[in-house]
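In: let's see this in three dimensions:
(chains A, B, C and D)
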Protein chains: 4
Amino acid sequence: MDVIESIKIKRDMKISELVESMEKAGFGAGKISRASSIMKKMFDDTGCTVFLGVAGAMVPAGMKQIIIDLLDEINVFVTTGANLTHDLIEALGEKHYQGDEFVDDKKLNEQGLDRIYNVFMKNSVYEKLESFFEENFDELKNCKNIKEFLWKIGELTPGEGILKKCYEKKIPIFCPGIADSGIGLMMWGRTVEGRGKTNIDVFSDINEIIDIAWTSKKSGVIYVGGGLPKNFVQQSLQFSKGAVYGIQITTDRAEPGGSSGAPLREGISWGKMNSKAEFVDVFCDATIALPLIYGAIKC
Amino acid sequence: MDVIESIKIKRDMKISELVESMEKAGFGAGKISRASSIMKKMFDDTGCTVFLGVAGAMVPAGMKQIIIDLLDEINVFVTTGANLTHDLIEALGEKHYQGDEFVDDKKLNEQGLDRIYNVFMKNSVYEKLESFFEENFDELKNCKNIKEFLWKIGELTPGEGILKKCYEKKIPIFCPGIADSGIGLMMWGRTVEGRGKTNIDVFSDINEIIDIAWTSKKSGVIYVGGGLPKNFVQQSLQFSKGAVYGIQITTDRAEPGGSSGAPLREGISWGKMNSKAEFVDVFCDATIALPLIYGAIKC
Amino acid sequence: MDVIESIKIKRDMKISELVESMEKAGFGAGKISRASSIMKKMFDDTGCTVFLGVAGAMVPAGMKQIIIDLLDEINVFVTTGANLTHDLIEALGEKHYQGDEFVDDKKLNEQGLDRIYNVFMKNSVYEKLESFFEENFDELKNCKNIKEFLWKIGELTPGEGILKKCYEKKIPIFCPGIADSGIGLMMWGRTVEGRGKTNIDVFSDINEIIDIAWTSKKSGVIYVGGGLPKNFVQQSLQFSKGAVYGIQITTDRAEPGGSSGAPLREGISWGKMNSKAEFVDVFCDATIALPLIYGAIKC
Amino acid sequence: MDVIESIKIKRDMKISELVESMEKAGFGAGKISRASSIMKKMFDDTGCTVFLGVAGAMVPAGMKQIIIDLLDEINVFVTTGANLTHDLIEALGEKHYQGDEFVDDKKLNEQGLDRIYNVFMKNSVYEKLESFFEENFDELKNCKNIKEFLWKIGELTPGEGILKKCYEKKIPIFCPGIADSGIGLMMWGRTVEGRGKTNIDVFSDINEIIDIAWTSKKSGVIYVGGGLPKNFVQQSLQFSKGAVYGIQITTDRAEPGGSSGAPLREGISWGKMNSKAEFVDVFCDATIALPLIYGAIKC
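Out: Numbering: from 1, shown residues only, chains lettered A, B, ... in the order given. This is a model prediction of the structure:
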């Protein structure tokens, strides 16, 4: 057994030094440190295919740049339609704003502000989104699957961001719930305007992600939040030997039985996680945990 | 201000009596009672279109019959691929089992048991699923959208269940994340076997749910868990006057900013909830809250 | 393995029937049922000493009567100073009120209302409390331990309630944190007024609760919330063979390492729970769970 | 409204730089930054009396040194008996160890290891505790209040730690729940051995903490966890103008109505927080949040 050593804050301490000192701590601090070690191992293991699943409104909260940086380290990216819509909104020059979660939502509604906990967005951002999709609908509507569709958006996007980077670096990006997002609404809006039908098969991407899982010698997973991104990776890993590295950051409870709150350990029963995997569940708001975990290995 | 009155348990007390006595209580008890009142109002209001969104593994946990009964009261049903897969598994004659969340997942894996918190499922259920999809693939692959696809499964299913009932009663059923489920895997499996391509447009259903929201005089929402089911309803309600009744049952936190944990109040800023809506957020495991809330009005 | 059976709500269903039907369900529903069975066993086992620990503002929330009824079934009661202060406030004829947790706390302060989540209390209740303690200080200040002090309050209290019942039925009642409460403030107030010093030894009650634990043939525990009530029972059980029955109702997380969120299982390592104990952790707001669990065995 | 700026991790980034960059982020990251700013303001405000309340097993988890360092900045310290017992255990030369929360508690019990989530302690530490109290009982039993009692332990303790520092720097230290701890058990053990009675008045310390609150020109509060430490400070602040600075770090929920999960805002209704106070509730495991918040101002 390793002795718990008390964390000592030092002048000019670096993130990496803090996380290193957490290695000898208990509770969540110990888990942050362990997550950072596993992330480093996963990234350094050249034979390992890394799947990153990101749910939650990470872009509005200011996590976009860290995700962009992580894209240099991972092999497959799965996220929600919401994150991609907010990424596109920023790529089109719009912003998110700091707000207050106790404010009167009726007043926000009158002011044309949409609230995401303590982040606000002007409802008028949808105008730029509309223009973008009106301009590019013909190129988008016939993409053969969601990945191609998202790469195409990335190609056509003027500004930098997650979509642009996935396109440029040809990172497989999956978003099985794309219809459930502003991007989905924009595509629908054009069909209603009579611009023709979309024709993107809902099941098509499964093939590619399972192929990747199946042919990987080894795999590792990083889940920021749960939701579809986690589950879509997990189901593909049933066709592998199971991930050998795992990090999950979530504040959801296990007891109500949802996939988002299920500890990684549960995946062993299904064969999604390898029975010898190194993994850790971090119970923490991802906007706090991710900068620490990633910051410690980047520094 | 109404005085808090202490709940008194009486001999042979009915669920409806208990929930009625919770009306004068505080904390969660008061919210259960309020949710029940709002549900009753929503169901009794003939001009109101009721959207029911169900995330989480409600079928494996034994909530299937309550959902089936609720389908008689609601107008639009949105759920996860997982719930529908488990519904189909039971409709094909397979079962879920009571288990223990502390068990060794490695042993479960060796025994061919998949764990969902404290519920187990034999991995062998996939054989029956495979047979079903092998038999019916040709009829399923060309459905024009996910709703038609799910109705078709309901039609072809031998046993009773959610899918069967949605088909029989022609209840609009949406599942934007269908690719992220056993059903998705089954469809993929057939394409790999060379049975031909699927061709179900990912965006197509948005049209119908927005049409329903747009043309409804009034709307009400019931969210069991969050996830895609909640968000897919919420985004369609932006094209309505906002829901005037709302019930949300979730244990997710608001602070990390995800849609699943966002209180209904937040929806007012977006115009998803009407600023004069009657609504309540119930912080409770849905397998406890739902039987109480629904039980009190059914009794 | 037992098959999961879907819960079916029936007309005029009784609480006991609902909880019975939860026996075949998963997740939290299954745990409610199990808690109810264990509670029944504990109460029916005549050789078993039952310790009930109640933290949280259960009296203001309307749980007072259930606690009073439970006092007929248990042998040792441990609670917080807050619960006892609120019990005394009601025994003196004052009330708690239903409120709204989103209200502006500044306005409440101006209106002289104190908020406990969605329950309000008039700040003026302290006047009756003061009169009570001014009148009875001399009898109270020299009680030899906290239990005697609380029984004395129960004896002197005009109205019914928890304190009165503990006094009348001579139920050992412990409250190690009594100084941290309105009752504590009232005692301090009298010393400041020059009514003399209090002289109640802080450690004295440990003796009695350990004696009870030590001499019990068997013991069972019911924890509503965690806090001092749970821990004070747990530490005394180290001097027993460990509780053989256990129910814990809490929404606190285990991960941050506090006693309140620690699952009962952890107590086995310390010898507080017997390694063969039957126990269950219920993740639920106690104002919802307790009426169900107790209601099912009372009915 | 301030624009959200994405956090960019830089090489050799310091904790202070990370927390500064969180200032422009949303969700929990923004709150960490705000907590750090408020802490700095509170410490720099020479007219401000700072109350630090620490619940939870912070010492076993490796937070002891940060608490010791914080004692240089604060004026009043309130904590649980558990934290002080673990501090004394370490001061007597014993250790805490890193463990695994999934381990079999029966085996730990057989091995003589006590578990606190993922931290282990040898049960044999109680031998040194016993010797300490046997040796020093006569000096301890007649302390006139809990503060004097704790200072006396600090004086007699051979090693460094929280108790020693509070004694040496004459920091008022309060622990209303001292009976509920290993220290409480040790005192009881000596009375059972016939070493005489203890005589420490349970209400006595209220006087001093209220005096401090009453005479402070301004006050600020830092709550690590809730429990008695928070509440004992809060009740004393009713006799002040209310705290003008506030930081609360907890993962407890507000909905079940307990004091530990109550947001600081609720304290405004009671007059515990000033209606113009600057405050923030941080939803995070304290072993992660505290090193960041304090680390950023110390660096």
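In: would you state the strands of chain A in chain order?
Out: For chain A, the strands defined by DSSP state E cover A:48-54, A:76-79, A:97-98, A:113-116, A:119-122, A:173-174, A:218-224, A:243-249, A:273-282.
In: looking at those, spot the one closest to residue B:220.
Out: strand A:113-116 (21.6 Å; Cβ to Cβ). All C-beta spots, glycine's among them, are computed from the backbone N, C-alpha and C.
In: what helices or strands is the closest one leaning on?
Out: Taking 3 or more Cβ pairs under 8 Å, 6 or more residues apart in numbering or on different chains; DSSP states H and E as contact, the helices and strands that strand A:113-116 lies on are helix A:105-111, strand A:119-122, helix B:266-270.
In: relative to strand A:218-224, how tilted is the longest helix seen in chain A?
Out: Longest helix in chain A, counting residues (DSSP state H): helix A:27-44. If you take axes from the mean of the first three to the mean of the last three Cα atoms, to 10 degrees, helix A:27-44 sits at 140 degrees to strand A:218-224.
In: list the buried residues for helix A:27-44?
Out: Applying a neighbour-count criterion of 16 or more other Cβ atoms under 10 Å in any protein chain shown, one finds A:27-40, A:42-43 buried in helix A:27-44.
In: likewise stretch A:44-53?
Out: Buried residues in stretch A:44-53, counting neighbours by 16+ other Cβ under 10 Å, are found at A:48-53.
In: which stretches of the stretch 101-250 of chain A form helices?
Out: In the stretch 101-250 of chain A, helices defined by DSSP state H, counting those that start in this stretch lie at A:105-111, A:125-140, A:146-156, A:162-168, A:182-192, A:204-215, A:227-237, listed in chain order.
In: need the CA coordinates for the longest one. PDB is fine.
Out: Extracted C-alpha coordinates of helix A:125-140, given in PDB (Å, rounded to 0.1, in the frame of the first residue of the first chain):
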ATOM      1  CA  VAL A 125     -26.900  33.400 -34.300                       C
ATOM      2  CA  TYR A 126     -29.400  31.300 -36.200                       C
ATOM      3  CA  GLU A 127     -29.400  33.800 -39.000                       C
ATOM      4  CA  LYS A 128     -25.800  33.200 -39.800                       C
ATOM      5  CA  LEU A 129     -26.400  29.400 -39.500                       C
ATOM      6  CA  GLU A 130     -29.300  29.700 -42.000                       C
ATOM      7  CA  SER A 131     -27.200  31.600 -44.500                       C
ATOM      8  CA  PHE A 132     -24.500  29.000 -44.300                       C
ATOM      9  CA  PHE A 133     -26.900  26.200 -44.900                       C
ATOM     10  CA  GLU A 134     -28.800  28.000 -47.600                       C
ATOM     11  CA  GLU A 135     -25.500  28.600 -49.400                       C
ATOM     12  CA  ASN A 136     -24.200  25.100 -49.000                       C
ATOM     13  CA  PHE A 137     -27.300  22.900 -48.900                       C
ATOM     14  CA  ASP A 138     -26.800  21.300 -52.400                       C
ATOM     15  CA  GLU A 139     -23.300  20.100 -51.500                       C
ATOM     16  CA  LEU A 140     -24.500  18.800 -48.100                       C
END
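In: for that helix, packing partners?
Out: By 3+ Cβ pairs under 8 Å, 6+ apart, helix A:125-140 packs against helix A:81-91, helix A:146-156, helix A:182-192.
In: name the residues of the first one that come out as buried.
Out: The reference is to helix A:81-91. A:81-91.
In: tabulate the residues you listed (a markdown table), appending distance to chain C and pLDDT.
Out: Conversion of the buried residues of helix A:81-91 to a markdown table gives the following (distance: Cβ to the nearest Cβ, whole Å; pLDDT from 0 to 100):
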| residue | distance to chain C | pLDDT |
| --- | --- | --- |
| A:81 | 28 | 97 |
| A:82 | 25 | 97 |
| A:83 | 26 | 97 |
| A:84 | 31 | 98 |
| A:85 | 29 | 98 |
| A:86 | 27 | 98 |
| A:87 | 31 | 98 |
| A:88 | 33 | 98 |
| A:89 | 29 | 98 |
| A:90 | 31 | 98 |
| A:91 | 36 | 98 |
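In: of these, closest to chain D?
Out: The nearest member of the buried residues of helix A:81-91 to chain D, counting by Cβ to the nearest Cβ, is residue A:90 at 8.5 Å.
In: relative to chain B, how far out is the residue lying closest to residue A:218 once chain neighbours are set aside?
Out: Closest residue in space to residue A:218, ignoring its immediate chain neighbours: residue A:48 at 4.4 Å, by Cβ to Cβ, 6 or more residues apart in numbering or on different chains. As judged by Cβ to the nearest Cβ, to the nearest Å, residue A:48 and chain B stand 21 Å apart.
In: so residue A:48 sits against residue A:219, correct?
Out: Yes - Residue A:48 lies in contact with residue A:219 (Cβ atoms under 8 Å); the separation is 6.5 Å.
In: residue A:19 - how many residues pack around it?
Out: A count of nearby residues for residue A:19, using other Cβ atoms under 10 Å in any protein chain shown, gives 24.
In: which residues touch it?
Out: Applying Cβ atoms under 8 Å, 6 or more residues apart in numbering or on different chains to residue A:19 gives the contacts A:32-33, A:36, A:292-293, A:295-296.
In: could you find the closest non-adjacent residue to it?
Out: Closest to residue A:19 by Cβ to Cβ, 6+ apart is residue A:296, at 3.5 Å.
In: rewinding a little: for residue A:48 and residue A:219, list the residues in contact with both.
Out: A:244-245.
In: mind checking pLDDT for the residue nearest to residue A:218?
Out: What the model reports as pLDDT for residue A:48 is 98.
In: show me where pLDDT drops low in chain A?
Out: Scanning chain A for pLDDT under 70 picks out A:299.
In: residues contacting the residue in the stretch 51-200 of chain A that chain D sits nearest to?
Out: Minimum separation of the stretch 51-200 of chain A from chain D (Cβ to the nearest Cβ) falls at residue A:62, amounting to 3.5 Å. Under the criterion of Cβ under 8 Å, 6+ apart, the contact list for residue A:62 reads A:96, A:287, D:4-7, D:22, D:24-26, D:29-30.
In: okay then, goodbye and thanks.
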